[in-house]
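J.: What follows is a predicted structure for the sequence shown.
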Amino acid sequence: MMICENCKERPASVILTRESMGEAIELQLCEKCAFQAQTLHVDPNQEPLSIQQFLSHWFGGAELFQAQQPQEAAHQGSECPTCGLTFLKFLDVGKFGCATCYDTFRGQLPRVLGKLHNGHAMHKGKIPVSFNKIYAVKKKIEAIRVKMQEAVEAERFEEAAALRDEANALKVRLADGGGESHVD
Amino acid sequence: MSIENFMQNAVTGWMAAHGEHSDIVMSTRIRLARNLRSYRFPIAFTEEESMAVDSAVSGALLDSEGGTYSYMKMADLPALERHVLVEKHLISPQLANPDRPGSVILSEDETVSVMVNEEDHIRIQCIYPGLQLKGAYKQADAVDDVLEKELSYAFDEDFGYLTSCPSNTGSGMRASVMMHLPALTMTKQINRIIPAISRLGIVVRGSYGEGSEAPGNVYQVSNQTTLGKTEQEILADLGNITERLIAHERKSRELLLAKSRIALENRLFRSLGTITYARLLPSSEAARCLSDVRLGIDLDIIHDVDMSILNELLIFMQPGFLQQYADGELTQEEMDICRAKLFRERLNVERASASSEGTEER
């Protein structure tokens, strides 16, 4: 197994090349050092990380992405204030450095996530209660509304009425706890 | 070490051959990836941050679920023990790297393992025997709830749970089912099925992950996408595909029996002979023979071997376990000798009551 040339500790999993005085220099690095290396770019013929390979396939790698969208160049230069990752480097390494990265690159992410997740870029699943109780209640009301609609269409009016009461009760809770004033 | 003692220490919950469709589905695994809001992800964090994450996560779990969990730091474990945890599928090979500041929190019965500071801060993993997608998810979800009560997760209204790798963003959930599909493999149908399934957002791989072959005809079937579907939808889709694969496999088995029973019986009994009497047993041969014997039991052709022993042997035939059993490092050839010895002992112990032949203790 190759050992990372930078930290000499972890196994190397990324091969980075860079031009120096007209010569290509190749570096075998671990993910962590590749993440921290600032001015490197990826050799397209390298043995790839799967996600990294995926991203460079779809976006033609960092260079192509830059070439395709010069108007966004300024934005792509923006650096995550928490971990220092840039979008171009994200395309190289294929990993985010922290939660703030998702905010920093919010504009480009639907495109990246859509490619990885069959066109989906919006979360539909579990929500941590602690994250936002109000948001969870809102989602629940939405779900009840869908069920209510189904019940009405199937002429199960008793069930629909029960669901309406349930939704209203949640709305009252929202108004009490979350400063939302409208209860219709 | 006597084989009975060794096995007692080494057997873990998911190896028991029960649960739904346990003749074809060996185990079900749910993994949830989570991160803490206030610390950078493991690829970018400092040593101080790694220690803070470690104590926050272990504190949250050990305090609320006291007693039932034990905590192990990777750097404190001998290499062989880390290796054995990987072979039991309780931790990932990445976590086992002692240069990473990782640790694992294990439940007593080893069905729950929480990896700390792997690619993400937290990876909750539950393994159950047989096909138990809902049960395994319920357990993982409960552990998630316990942690969430104490910890502030990195979560976004649009993107869901924020993970280090964009392929896990959203639910952070990877659900996988380990399936034994010998008849689909023998009849080469699996080669047509795998690409068809991948179009449905489900991946089929060899049991040791991406790009690996399927030793012992064991395949790992799991969801590829984690964003845009609820956990229940992901589980339902995976469950559906799994049930269809089971039906296909059963049909192929019937066909094999109807068309070439003697040839099949010949192959299965020869494999039983090999694992019972061989003196040198390379791992590829051991995996192939175990698959055959398992099929023999399923088809009611082989009667005097217990299925759960086969699950154990599939794990114990690996290098970490063999070296732990032999209590020292082994060369390739020594490994093949030790594997054969372990198989003979295990199978003979179980058959000792049926025949007068004793075990081969040295």
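T.: That came through, no problem.
J.: hey, let's count contacts and neighbours off CA atoms from now on
T.: Will do.
J.: Can you list the low-confidence ranges for chain A?
T.: Residues of chain A meeting the criterion pLDDT under 70: A:1, A:17-22, A:37-77, A:132-134, A:174-184.
J.: The one residue in it that gets nearest to chain B and B:Leu90: what is the separation?
T.: Going by Cα to the nearest Cα, chain B is nearest to A:Gly125 of chain A, at 3.9 Å. A:Gly125 is 26 Å from B:Leu90, where distance means Cα to Cα, to the nearest Å.
J.: likewise B:Pro282?
T.: Taking Cα to Cα, one finds B:Pro282 at 24 Å from B:Leu90.
J.: Show me the helices in chain A, by range?
T.: A:31-36, A:50-59, A:61-68, A:73-76, A:87-93, A:100-104, A:109-116, A:133-153, A:157-178 (DSSP state H).
J.: Spell out which parts of chain A neighbour chain B.
T.: With Cα under 8 Å from any Cα of the partner chain as the criterion, chain A meets chain B at residues A:9-10, A:31-32, A:35-36, A:51, A:82-83, A:94-99, A:102, A:113, A:116-118, A:120-131.
J.: Going through the residues you listed, which ones are buried?
T.: A:10, A:31-32, A:35-36, A:51, A:82-83, A:94-99, A:102, A:113, A:116-118, A:120-128, A:131 (16 or more other Cα atoms under 10 Å in any protein chain shown).
J.: from the stretch 101-250 of chain B, which residue is nearest to chain A?
T.: Counting by Cα to the nearest Cα, the stretch 101-250 of chain B gets nearest to chain A through B:Thr230 (3.9 Å).
J.: how near is the closest residue in space to B:Lys134 that isn't next to it in sequence to B:Leu245?
T.: In space, and not counting its chain neighbours, B:Lys134 is closest to B:Leu235: 7.4 Å by Cα to Cα, 6 or more residues apart in numbering or on different chains. Note on B:Leu235: its distance to B:Leu245, by Cα to Cα, is 15 Å.
J.: mind listing what residue 29 touches?
T.: Picked chain A for this. Residues near A:Leu29 by Cα atoms under 8 Å, 6 or more residues apart in numbering or on different chains: A:Ile3, A:Cys4, A:Glu5, A:Asn6, A:Pro11, A:Ala12, A:Ser13, A:Val14, A:Ile15, A:Leu16.
J.: let's do chain B instead
T.: Taking Cα under 8 Å, 6+ apart as the test, what B:Arg29 contacts is B:Gln125, B:Cys126, B:Ile127, B:Tyr128, B:Leu133, B:Ala136, B:Ala175, B:Ser176, B:Val177.
J.: Can you dump the C-alpha atoms of stretch B:40-47 in CSV for me?
T.: Provided in CSV are the C-alpha atoms of stretch B:40-47 (Å, rounded to 0.1, in the frame of the first residue of the first chain):
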residue,chain,number,x,y,z
ARG,B,40,-15.6,20.4,11.0
PHE,B,41,-15.9,17.0,9.3
PRO,B,42,-13.2,14.4,9.9
ILE,B,43,-11.5,15.2,6.6
ALA,B,44,-10.8,18.7,7.8
PHE,B,45,-10.9,18.8,11.6
THR,B,46,-8.1,19.3,14.2
GLU,B,47,-7.1,16.8,16.9
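J.: State the mean pLDDT of it.
T.: Averaging pLDDT along stretch B:40-47 yields 93.
J.: picking that back up, just the buried residues from the contacts of A:Leu29, in ChimeraX please.
T.: Buried subset of the contacts of A:Leu29, written as a ChimeraX selection, criterion 16+ other Cα under 10 Å:
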select /A:4,6,11,12,13,14,15,16
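J.: Narrow the contacts of A:Leu29 to those in strands?
T.: A:Val14, A:Ile15, A:Leu16 (DSSP state E).
J.: How far does the longest helix seen in chain B sit from its chain's centre?
T.: As assigned by DSSP H, the longest helix anywhere in chain B is helix B:231-277. Computed by Cα atoms, centre = their mean, to the nearest Å, the chain-centroid distance of helix B:231-277 equals 19 Å.
J.: For the helix or strand just after that helix, which residues meet the burial criterion?
T.: Downstream of helix B:231-277, the first helix or strand assigned by DSSP states H and E is helix B:283-298. Residues of helix B:283-298 classed as buried by neighbour count (16+ other Cα under 10 Å): B:283, B:285-298.
J.: can you tell me which of these lies nearest to chain A?
T.: Of those, the one sitting nearest to chain A (Cα to the nearest Cα) turns out to be B:Ser283, at 21.6 Å.
J.: circling back: same question for the longest helix of chain B, mean pLDDT?
T.: 95.
J.: try stretch B:136-145
T.: 96.
J.: buried stuff in it?
T.: In stretch B:136-145, counting by 16+ other Cα under 10 Å, buried: B:Ala136, B:Tyr137, B:Gln139, B:Ala140, B:Asp141, B:Val143, B:Asp144.
J.: quick one: that stretch to chain centroid distance?
T.: 18 Å.
J.: and what of stretch B:226-246?
T.: Worked out by Cα atoms, centre = their mean, stretch B:226-246 lies 19 Å from the chain centre.
J.: Looks like the residue nearest to B:Lys134 contacts B:Leu133 (just checking).
T.: Yes: taking contacts as Cα atoms under 8 Å, B:Leu235 lies within contact range of B:Leu133: 6.5 Å.
J.: got the angle for whichever strand or helix holds B:Ala33 vs helix B:231-277?
T.: According to DSSP H and E, B:Ala33 maps onto strand B:25-34. Orientation of strand B:25-34 against helix B:231-277 (axes from the mean of the first three to the mean of the last three Cα atoms, to 10 degrees) gives an angle of 130 degrees.
J.: Sheet-wise, list the partners of strand B:25-34 with their directions.
T.: Using DSSP bridges, the strands paired with strand B:25-34 in its sheet are strand B:122-129 (antiparallel), strand B:173-180 (antiparallel).
J.: Mean confidence (pLDDT) on the last one, please.
T.: Over the span of strand B:173-180, the pLDDT mean works out to 96.
J.: what residues does that strand touch?
T.: B:23-33, B:131, B:133, B:168, B:207, B:216-224, B:226, B:231, B:235, B:238, B:242, B:291.
J.: Start and end of stretch A:80-100, how far apart?
T.: 7 Å.
J.: An error on my part: the question was meant for stretch B:99-109.
T.: 28 Å.
J.: Of all the residues in it, which ones are buried?
T.: B:Arg100, B:Pro101, B:Gly102, B:Ser103, B:Val104, B:Ile105, B:Leu106, B:Ser107.
J.: Need those residues in a markdown table (columns: pLDDT, distance to B:Asp63 and secondary structure).
T.: Shown next, in a markdown table, are those (pLDDT from 0 to 100; distance: Cα to Cα, whole Å; DSSP: H, G, I helix; E, B strand; the rest coil):
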| residue | pLDDT | distance to B:Asp63 | secondary structure |
| --- | --- | --- | --- |
| B:Arg100 | 82 | 25 | coil |
| B:Pro101 | 89 | 21 | coil |
| B:Gly102 | 94 | 19 | coil |
| B:Ser103 | 95 | 17 | strand |
| B:Val104 | 95 | 15 | strand |
| B:Ile105 | 95 | 12 | strand |
| B:Leu106 | 93 | 14 | strand |
| B:Ser107 | 91 | 14 | strand |
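J.: B:Ile337 should be in a strand, yeah?
T.: No: under the criterion used here (DSSP: H, G, I helix; E, B strand; the rest coil), B:Ile337 is helix, not part of a strand.
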